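**Student:** Kindly return the folded structure for what I paste below:
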Amino acid sequence: YIKPGLALIGDSAHTIHPLAGQGLNLGLGDVQALSDLLVEGVKSGENLSSEYFLQQYEDERMKANNSMQLAMDGFKRMFGPTPDAVSVARNVGMGTLNAVEPLKNQIMKYAMGL
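**Tutor:** Numbering: from 1, shown residues only. Presented below is the predicted three-dimensional model:
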C-alpha cells in the first residue's frame, strides 16, 4: 500500500468482491487509520513521507483488509453453487449461527467495521 511519500487507500490499495458491500467500509477504515497516523506524526515531528513511518499504516490496514477479503471469499464460496449435502450443512450452520445472539452480534459488528 505504501512507498516513500505515497500511501494508497480504498480501491486503489485493495479490491474486494462486492458480495457484501464491504469496499466502502474498508476504504473508510483506510482513511481513518491514515489520518490518525498523520495527525500523530505531525504532533511528534515525524517525517511523514518516510517508508518507515508509513509502514505503520500498511501493517494495520493490510491485516484488517486481508481478513475481510478472506471472509468475503469464504461467503462467496459458501453461498455459490454447491452439492445438496453442502447446502443442507450450510443452512443448518446459518440457522444455528442466527440462534446464537452473542456470536451473531459479534459477526455483525465485524462486518460493520466496529
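
**Student:** ranges for the strands of the protein?
**Tutor:** 2-3, 6-7 (DSSP state E).

**Student:** Throw the ones you listed into CSV and include mean neighbour count, mean pLDDT and distance to L38, thanks.
**Tutor:** Bear in mind the C-beta positions are built from the backbone N, C-alpha and C, glycine included. As requested, the strands of the chain are exported to CSV (neighbours: other Cβ atoms under 10 Å; pLDDT from 0 to 100; distance: least, Cβ to Cβ, whole Å):
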stretch, mean neighbour count, mean pLDDT, distance to L38
strand 2-3, 15, 94, 13
strand 6-7, 16, 96, 9
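
**Student:** the bottom helix or strand of this structure by mean pLDDT?
**Tutor:** Within the chain, no helix or strand scores below helix 84-99, which has a mean of 79 by mean pLDDT, DSSP states H and E.

**Student:** and this protein, what are its domains?
**Tutor:** Domain assignment for the chain by automatic domain parsing gives 2-80, 82-114.

**Student:** Please identify the most buried of those.
**Tutor:** domain 2-80 (a mean of 15; mean count of other Cβ atoms under 10 Å).
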